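Please work out how this folds:
(one chain, ligands or ions: 1)
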Amino acid sequence: MSFAPLRVEWPEGKTFAFSVFDDPDAETLADSEAIYGFLGDLGFRTTKAVWMVGPIREENSPGETCANPKFRRHCLDLQSAGFEIGWHHAAPHSSFRQETIAALDAFRDCFGADPSSMANHYNDEAIYWTADRLTGWRRAAYRLLSRGRDRRYFGADPESPYFWGDICRERIRYCRNFVFRGPNNLRECPWAPYHDASKPYVQAWFSSTEGANCASYLQGIDEAAQDRLEAEGGLCVMYTHFGHHFRPGGELHPRFRELMRRLSGKNGWFAPASTILDYLREQRGGLHELSTAERATLERRWLKEKLFHGTS
Ligand SMILES: [Zn+2]
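Numbering: from 1, shown residues only. Have a look, this model is predicted:
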């Protein structure tokens, strides 16, 4: 079943909206300076997620954290320039409830407010992750197909020492969930941002375009994808890790430069993810409440992508 994508009246006569939600995995300060310097010069103002505190246990991922004063300064400079700083959990390892709360307090002290948006990292406190992204037979199917490789996460489990769902609901507006290959997220998910009653600890969810590493990013927003996004007047939030191969040999990938330069020449709204989601929400007169049928549609679409294309 195919749906006509939602048509949105974008602000200031813009034709479409584009953002990036960049997870900090493997990203160095030098990566971030090079990439955000380039994007900023082209007029992009996107979302950069951070780990607020440095590791106190063994890390599960490389990548700079706000424990480094130079990196923190860099993030504050980006924020002043109009980029959004988002949340990727407290640290590059699992954090217990009190640690998460302390790190959120540190984020607020540093950046002046709670994060508006987040994306899960593979920490134990991830919220509604892996099979828990789905409901009903789709959850059972996901479990069956992942054959025990499916790890459990505890952010939404009040019995767990990693639980912080109530805090998440109180302090963070948007959480990334389903990722699709298409450039227009409103095609697969015309309801974003939406509330899903089956996941009560998250205020609102949004979808993204697959771009987890440089290769998939370049594919996700190639010339054809850009033109389609523009023609459909859509919304694209690229899901990525700018730490994953965007600077081979220390230089910005030439194809990344070429594509982002091309995109910047279009009449797009290049704003942070939360700014765009706030706008959509306002246009609709409030947050969309996902119906049971819509949830089934969305989950089915993603499950298909996951199974056949391995999207995130
Ligand atoms: Zn991550």
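
Which strand or helix spans the one residue in the stretch 101-250 of the chain that gets nearest to the ion?
Residue of the stretch 101-250 of the chain nearest the ion, by CB to the ion: residue 121 (3.5 Å). Any C-beta I mention is one placed from the backbone N, CA and C, and that applies to glycine too. Per DSSP states H and E: residue 121 is located in neither a helix nor a strand.

what about the nearest residue to residue 57 once chain neighbours are set aside, distance to the ion?
Nearest residue to residue 57 in three dimensions, chain neighbours excluded: residue 93, at 5.0 Å (CB to CB, 6 or more residues apart in numbering). Computed as CB to the ion, to the nearest Å, the residue 93 to the ion distance reads 11 Å.

average model confidence for stretch 162-173?
For stretch 162-173, the mean per-residue pLDDT is 98.

buried ones in that stretch?
Within stretch 162-173, the residues that count as buried by 16 or more other CB atoms under 10 Å are 162, 163, 164, 165, 167, 168, 169, 171, 172, 173.

contacts for stretch 78-86?
The contact list for stretch 78-86 (CB atoms under 8 Å, 6 or more residues apart in numbering) reads 21, 36, 40, 45-50, 75, 107, 111, 115-119, 272-275.

I'd like the distance between residue 269 and residue 237.
With distances taken as CB to CB, to the nearest Å, residue 269 is found 12 Å from residue 237.

rewinding a little: from what I see, the residue of the stretch 101-250 of the chain closest to the ion and residue 26 are in contact.
No. Residue 121 is not in contact with residue 26 according to CB atoms under 8 Å; the separation is 11.7 Å.

Near the ion, which residues of this protein are found?
Within the chain, the positions lying close to the ion (CB under 5 Å from the ion) are 23, 25, 121.

got a list of what the first one touches?
In other words, residue 23. By CB under 8 Å, 6+ apart, the neighbours of residue 23 are 49, 88, 119, 121, 239, 240, 241.
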